[in-house]
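*Asks:* sequence and predicted structure below; questions after.
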Amino acid sequence: MSSVRHIVVARAASSVRFAPEEALTFTDVSAGDLRASLSVRTRYSPEGFTKPVPRELWIEAIGKMPSFDQAIVDLTNASAMVLPAIAFCANAPIEEPEPELALELHDGENEHKLYQRHLDQQQGFPRARRRAPTAAITPFLQKWLAHPEAERIYRALVQYALALLHGAAGREVLAHAHFYMAVEALTKALLRDECLRTGKTEDELVTEWSIEKKELDGEVRLRRIFGGDRDAYRDAKKASDGFEHGFGNYATVRSQAEGVARKTAAGVRRAIFDLIALTPEARGLLMADPYGEPMDPRPIEQVVRGNLSGRWTG
């Protein structure tokens, strides 16, 4: 039987762009029960301007899957796994990848399976984008994937990436809901890390912090994510609980979310950088302008404002 290799190419609308000569490569990514290699780059489109226009991310996944149909699913999902980390580092939204092309290649044979799907090409004004902080993404990935709490961190990265998709002004309620779910995903990892760093048990931390055991998770969030800012933590929790459980007045929830969404986001990023002991160089880049603030996900738009002349008789 000939050796089989599967290739799936997906694209994802993105506010993160790589330079034309850049590609981010992953050599051992989970793909179902197997492993795959990935390459992420930006598609540049020649459209008659002096330079090609940056468009979507292209993600090429390669592996040996049990079947062609399974390859399309598992290799697309493998692509989706790495994008939240890129979005988190760049602090800019990336949408879910959509499979566009898949191949099942048989060594030594003249016929191979093909799957091709029509996806609309991006046209018109390109999305607002920021350049991928490539020099910091690789160290971040290395530290994250090697960490014993990598799975917990990944849950937080996914929630953070979802929040970025809702980060436009006026949509802070949904953004904050996902930012706060990232807080919740990190809590137990931060608690275990606090015990490890201090050499204390949970009960000893309760005694040292003069709290009850049931307050331990909240105290860890306050200290490790919100930097001791009790007002910000209180409002963040109220906005999250009021929205998630439906008991909060929506206008109040929106006001609270508007006030603390960015503080919550900044706290999640700092907490993850601390937890994985990210190198000072990489951390400095990811905290510097423009990466220190979440990017507005809205596309570039043409807007006209002016005055209309003529008598209105309505």
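*Replies:* That came through, no problem. Numbers count the residues shown, from 1 in each chain.
*Asks:* domains for this protein, by residue range?
*Replies:* Using automatic domain parsing, the domains assigned to the chain come out as 4-130, 148-275.
*Asks:* quick one: those as a markdown table, columns for mean pLDDT too.
*Replies:* What follows is the domains of the chain, written out as a markdown table (pLDDT from 0 to 100):
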| stretch | mean pLDDT |
| --- | --- |
| domain 4-130 | 92 |
| domain 148-275 | 94 |
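*Asks:* ok, which of these comes nearest Leu286?
*Replies:* Shortest distance between Leu286 and the domains of the chain, using C-beta to C-beta, is found for domain 4-130: 5.8 Å. In short, each C-beta sits where N, CA and C put it, glycine included.
*Asks:* any chance of JSON lines for the domains of the chain, columns distance to Gly306 and mean neighbour count?
*Replies:* Formatted as JSON lines, the domains of the chain follow (distance: least, C-beta to C-beta, whole Å; neighbours: other C-beta atoms under 10 Å):
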{"stretch": "domain 4-130", "distance to Gly306": "20", "mean neighbour count": "18"}
{"stretch": "domain 148-275", "distance to Gly306": "23", "mean neighbour count": "18"}
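*Asks:* now the helices for the stretch 201-314 of the chain?
*Replies:* 202-209, 216-224, 230-244, 250-275, 280-287 (DSSP state H, counting those that start in this stretch).
*Asks:* can I get those helices in JSON lines including distance to Cys89?
*Replies:* JSON lines is the format used below for the helices of the stretch 201-314 of the chain (distance: least, C-beta to C-beta, whole Å):
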{"stretch": "helix 202-209", "distance to Cys89": "31"}
{"stretch": "helix 216-224", "distance to Cys89": "20"}
{"stretch": "helix 230-244", "distance to Cys89": "23"}
{"stretch": "helix 250-275", "distance to Cys89": "9"}
{"stretch": "helix 280-287", "distance to Cys89": "6"}
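*Asks:* so which of those helices comes closest to Asn77?
*Replies:* Of all those, helix 250-275 comes closest under C-beta to C-beta, at 22.7 Å.
*Asks:* same for the closest one, what does it pack against?
*Replies:* Using 3 or more C-beta pairs under 8 Å, 6 or more residues apart in numbering; DSSP states H and E, the elements in contact with helix 250-275 are helix 150-165, helix 172-198, helix 230-244, helix 280-287.
*Asks:* and the angle for the second one with helix 230-244?
*Replies:* By that I understand helix 172-198. Counting by axes from the mean of the first three to the mean of the last three C-alpha atoms, to 10 degrees, helix 172-198 lies at 130 degrees to helix 230-244.
*Asks:* what do you get for the shortest one?
*Replies:* For helix 280-287 against helix 230-244, the angle by the same axes, to 10 degrees is 60 degrees.
*Asks:* mean confidence score for helix 280-287?
*Replies:* Helix 280-287 comes out with an average pLDDT of 97.
*Asks:* in it, what counts as buried?
*Replies:* By neighbour count on 16 or more other C-beta atoms under 10 Å, the buried set for helix 280-287 is 282-283, 285-287.
*Asks:* how close does the residue of the chain most remote from its centre get to Leu57?
*Replies:* Using C-alpha atoms, centre = their mean, the residue of the chain lying farthest from its centre is Thr313. It sits 52.3 Å away. Between Thr313 and Leu57 the distance is 53 Å, computed by C-beta to C-beta, to the nearest Å.
*Asks:* how about Pro299?
*Replies:* 16 Å.
*Asks:* now the terminal residues of stretch 121-135, how far apart.
*Replies:* 30 Å (C-alpha to C-alpha, to the nearest Å).
*Asks:* list the contacts of that stretch.
*Replies:* Stretch 121-135 is contacted from outside by 13-19, 22, 24, 45, 53-56, 86, 89-90, 92, 281-282, 285-286, 290-291, 295-296, 298-302, using C-beta atoms under 8 Å, 6 or more residues apart in numbering.
*Asks:* all the helices of the stretch 1-150 of the chain, residue numbers only.
*Replies:* For the stretch 1-150 of the chain, the helices defined by DSSP H, counting those that start in this stretch cover 68-90, 134-146, 150-165.
*Asks:* now render those helices as TSV, adding distance to Glu212.
*Replies:* Shown next, in TSV, are the helices of the stretch 1-150 of the chain (distance: least, C-beta to C-beta, whole Å):
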stretch	distance to Glu212
helix 68-90	33
helix 134-146	33
helix 150-165	24
